[in-house]
Structures are given as C-alpha cells and as structure tokens.
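Enquirer: Could you work out the structure for the sequence below:
(2 chains, ligands or ions: 3)
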Amino acid sequence: MYAQMIKTARSGVKSRDEMTDQEREFQDRIDRGEKIEPKDWMPDDYRATLIRQIGQHAHSEVVGQLPEGNWITRAPTLERKAILLAKVQDEAGHGLYLYSAAETLGESRDELVRLLHEGRMKYSSIFNYPTLNWADIGAVGWLVDGAAIVNQVALQRTSYGPYSRAMVRICKEESFHARQGYHAIMQMAFGTPEQKKQAQDAVNRLWFPAIMMFGPNDSESTHSEQSMAWKIKVKSNDELRQQFVDQTVPQIEYLGLDLPDPGIKWNEERGHYDFSDPDWTEFFDVIKGNGPCNVDRMQDRVNAWEDGAWVRDGLLAHARKKAARQHAAE
Amino acid sequence: MDALFQFLLRMGDNTLVLGHRVSEWCGHSPILEEDIALANTALDMIGQTQLWLGLAGEVEGKGRSADDLAFLRDAWDFRNVLLVELPNGDFGQTMMRQFLFDAWNVTMLGRLMQSSDKRVADIAEKASKEAAYHVERSGDTVVGLGDGTEESHARMQAALDYLWPYVGEMFESDDVDAAMVEAGISPDPASLRGEFDELVGRVLAEATLTIPASPYAHKGGRTGYMHTEHLGHLLATMQWLQRAYPGAKW
Ligand SMILES: [Fe+2]
Ligand SMILES: [Fe+2]
Ligand SMILES: [Fe+2]
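Expert: Ligands and ions are numbered 1, 2, ... in the order given. You can find the predicted model right below:
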C-alpha cells in the first residue's frame, strides 16, 4: 500500500501478562474502539510504528507526483491537463496533511524528509514504475488510487485519531481521482485502435505492480500482528488485495480489454476471483531500490530539495528581518 | 471580426503558454507548499485559457474549439507575449516572470471588466479574482527572496535583469488594439503602463531590487512575427499526442 512492509517497532504481540497497567489500559481503549489522541499516553512502540507508517504514506503522496507529472506537459486536451493538475495538487496536499499528522506524534516534516533522502525511509513500490503512455495516467488514477482507497477506507477505522481523520478526508479525494482515471482510460479503450492498444498496454504493465501495493502475502507478512492488535492496521494484505481484485476485474471486462493475468477466474465456491501471485522477487527488488525508477525518483526529489535550499533560506531570512523590523518599530 | 479573434488569441495564448511553463515544475519545487501553489497557478491559467480560446473559436466561427486552437496551431499562429514562453530557469526566475505577468494581467483584467463585449467582461470578472490572488502571492515571493539572503537577492536581481527586456512588449499597441479600443472592447495596452509601473515599482523596491535602466524591449510574440526559439520546443511537447493521433478523442 502507500504504507507497505511497515516494521512494527517490536516483534511479536505483547500478551496481557507482559503488559504494564498503563499498557493494559491503553489496549482496552483500543479494543473498545476509542481513538487515541496526540496528548494521550501511548506506548513508545505504538508511536514509532505510526510515525513510520504515516511518514511512508506522506512520502508516497509526494513522490507520487512524479510519475503523473511526467505527463502533465503532454496531456492531450486542456480539460485533461486541468484534471491532472488538480489531481497532482491534491496528492501534494495529502502529503502535507499526512506530514502534519506525523507531527502530532512529535516527528517533524524536515526530519522525515531527511530520512527519505538518506534512503532510510521508503515510499510505495508502485511509484518506482514508469508512466509510458497517456493511458497510464488513466490507469494510475483507476488502479493505483483505486488500490489506495481499498486500503485507506479500512484505515478510516485506525486507532490513531489524527490518522483516521486524515484518511476520511483523503479518501473522498482519492475516490474522485479513481473515477476520473477510469473515465480517462475508458475514453481510450472505446477510442481508436491505437488508443485501445495504449489502454491495454497500461493495464498489462500496471496490474501486477498495483496488486503488489498491498504488500506480501499474509503468510510472509511478519510485522502485522502487533499492528493489528493496535488497530494501526485493520485488514490483512491478502484480504485487501482480494477486495481490490474483485472490484477491478469487472471494470477491466467492461472496458473490453484482455485480462492482464491468465490466472484470473471467477471461483464460485469462494465467491471471489482467483488470480495469480505477482512475482514477489520483483517486489522485493523494487523495495530494495532496484525498481525501474527508484534511482531517478530519489534523484529528482533530492535535487529538488537541494536546488531549493536557497529559496527556503531566503524566505526564512526575510521572515526574520521582517520580524526584527516589526520588533524595532514597537 | 478578425481583430477580436486576434485579441482573444493574445489573451488565451498568454495563459496557455505560461500555464504550461508553470506546470513543468510539478513535483520539483523547493518545498511542498510551492508544489501545491504552482500546480494551483497552472490550473488557474489553463482554466482562463479554456475561456479565452473557447470564445476565440466561437468568434472565429469556423467550428474550432479551444483544444483545436491550443493543440493544432503552429508557432507562427501563436499570439502570446515572449515573456511567457521563456524557460523556467530557477525558482526565482519562474516567480519573477509570474509576478511581471500577473501585474500586467491583473491590470488588464480590471479594465476588461468594463468591456463593451459582455462575454469578454464576464471572463475578465472571473479571471480577475484569480489574478488578484496570483499577483499577491508572486509579489510576496519576489519580496521574500529579493530581501532574503545575499544569494537569493543576487538570483532575483539576475532574474529581473534577464526578464525586464521582455516587459515592454505587453504594452505595445497595433491595429488590432486600435480596433479593440474603438469598439470599446479592450483598453489600449499602452494605457496600462502607469498602473503597472506603480505596482511593480512598489513591490521591487520592497524587494530591494533595481529595475534595469535600459528601456529596450524585445517584441514579436503578440504579433506572431518572431517568437523565441523556446516556443517550438514547448509546442512539440504540448501538442505531440494530438498531432501523433489525429482525430482521436481524449
Ligand atoms: Fe493521495
Ligand atoms: Fe494517490
Ligand atoms: Fe489520489
């Protein structure tokens, strides 16, 4: 997901016997479905895990501007250009909003950005894939924002108040993005043969990376249990992935496109679609930094940050001068 | 009416080309708030383009849409001033260019609200609200960076020195303008100069920047006689999909 493979800051789940009174009380609140607020007491590991998860989510929104920005200057109509600009603007806003949520836990945006640029924090694997034709922009909105929604709708019930509220607000915009993305790719799937070919190409390339967004299979997902107990994570990777596949396969069929995975078949007994596992070796390669765009994406972000240092310094210096002048005038 | 068509192209091409330039920043600005602000500025510019070029197509009466005009004309048919097609340069140059354009645009739109053509007046009214916000924002940034550190000051002065020779073109007048003035549709651009100089002079003084002494002004954009080399590359990118797949709907 936008937050993948988040290491819980402790291994295994603490049993009630291992907990202090304070920890037991905290767990009881969570079990009762109460929200934890910034000023409330919380275990250090809960705080650390949340900072990692929210920080990674924020980084994903920010880095996610790049693959979409790749097509802003080539958008084929004024309306499409406007829609894409508005979407990318929303994503940057999500980043800002999530960094603020992390700040309520005592971690500054500058620090999180520093960790990202030093390669010590990650962003979603999906943004390490390229956008190669205009249909990719439709597909990103439809599949990537679509997958994000599946995860984030679940996270609206997360135990940390500011994160949960951020998810409610963000989900509304993500749904809008997903609908617009689907509409853009529909226009192409129902368009000229060349456009249909582009739409098919986009779906073929982005399908597996999209279902990888939910993270490894539950059997491989080592950090989930404590996060589930704390309701930082609400549904398992495989549950969410299945939900996404079930909602998306009929949409692909409606477009008249070939399914991107020959293993996709309706399973009457399960009441779900069967589908093939993505290539998990590829997934772990991307996570390790060997995806098709990892190096370029990070270079872009680091360059933007470094090239912008004089701007941040300049504006800060001006604000100080202005405050000093005001002070002198009083 | 050909003069009205030309006038509308001048308005719409300015915002189209500048909106495109600003959108090139996506994801690369100095701070997240600026990514948001630049996307928002580009979005407003593209929105204004849809209105101006939409009306241009209507006035022309040949069935061309705003998209046809944006994506299927070649460089010599573009009527934007040279200022807006210049490259982004660093963030300072982008913001200085934005400020100089915003200061002209907000002044122009203010006058166009009294246009004898209601369609023009309506667009101006809508756009002037955005322009007022833009000029305040770009002006604040110019002041902040001009009166910031030694480095930011030097960069802003360099940006102003580079861009200033492109300011004069915004106040040129020709037969098209004379016809627009006569019809009460638009003011003579030359008549905007006083208001512009007052606004720009005040902001640049606060920014501790010096307006170059030479009054020399490049021109050729708004008449289409001679654009810069930059415009062709911009259009090659912007128009590529429409050109590569003629007749496709997007
Ligand atoms: Fe988002
Ligand atoms: Fe997104
Ligand atoms: Fe989104």
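
Enquirer: Now for A:Glu269, how many residues are close by?
Expert: Neighbour count for A:Glu269, taken as other Cβ atoms under 10 Å in any protein chain shown: 5. C-beta: built from backbone N, CA, C; applies to glycine.

Enquirer: and what of B:Pro246?
Expert: Close neighbours of B:Pro246, defined as other Cβ under 10 Å, add up to 8.

Enquirer: Could you do A:Asp44 as well?
Expert: 9.

Enquirer: quick one: contacts for residue 69?
Expert: Assuming you mean chain A. Counting by Cβ atoms under 8 Å, 6 or more residues apart in numbering or on different chains, A:Gly69 touches A:88, B:26-28.

Enquirer: think we crossed wires, I meant chain B
Expert: B:9, B:12, B:53, B:56-57.

Enquirer: Pretty sure A:Tyr273 sits in a helix.
Expert: No - under DSSP: H, G, I helix; E, B strand; the rest coil, A:Tyr273 sits outside any helix and is assigned strand.

Enquirer: What count of nearby residues applies to it?
Expert: A:Tyr273: 19 neighbours (other Cβ under 10 Å).

Enquirer: who touches it in this structure?
Expert: A:Tyr273 neighbours (Cβ under 8 Å, 6+ apart): A:242, A:245-246, A:249, A:264-267.

Enquirer: Show me the two of those that sit farthest apart.
Expert: Farthest-apart pair in the contacts of A:Tyr273 is A:Gln242 and A:Lys265; separation 13.6 Å (Cβ to Cβ).

Enquirer: May I have the secondary structure class of the residue nearest to A:Pro262 when sequence neighbours are not counted?
Expert: Leaving aside its chain neighbours, A:Pro262 sits nearest to A:Ser276 (7.5 Å; criterion: Cβ to Cβ, 6 or more residues apart in numbering or on different chains). For A:Ser276, the assignment made with three-state DSSP gives coil.

Enquirer: cool, and A:Trp41?
Expert: Secondary structure, three-state DSSP: A:Trp41 is coil.

Enquirer: State the number of residues packed around A:Asp277.
Expert: When neighbours are defined as other Cβ under 10 Å, A:Asp277 has 14 of them.

Enquirer: what about it, distance to A:Asn267?
Expert: 15 Å (Cβ to Cβ, to the nearest Å).

Enquirer: Tell me the residue of chain B that sits nearest ligand 1?
Expert: Closest to ligand 1 within chain B is B:Ile36: 12.6 Å, counting by Cβ to the ion.

Enquirer: you'd agree that residue is up against A:Glu91?
Expert: No - using Cβ atoms under 8 Å as the test, B:Ile36 is too far from A:Glu91 to be in contact (9.5 Å).

Enquirer: Between those two, tell me which one has more neighbours.
Expert: Between B:Ile36 and A:Glu91, A:Glu91 has the larger neighbour count (other Cβ under 10 Å), namely 26 against 20.

Enquirer: State the helix or strand in which A:Trp266 lies.
Expert: strand A:265-267 (DSSP states H and E).

Enquirer: Helices of the stretch 201-330 of chain A, residue ranges please.
Expert: Along the stretch 201-330 of chain A, counting by DSSP state H, counting those that start in this stretch, helices occupy A:224-229, A:237-254, A:280-285, A:294-307, A:309-329.

Enquirer: typo on my end, it should be chain B
Expert: Taking DSSP state H as the test, the helices found in chain B are B:2-23, B:32-60, B:66-71, B:82-85, B:91-112, B:118-146, B:150-163, B:175-182, B:193-206, B:230-238, B:240-244.
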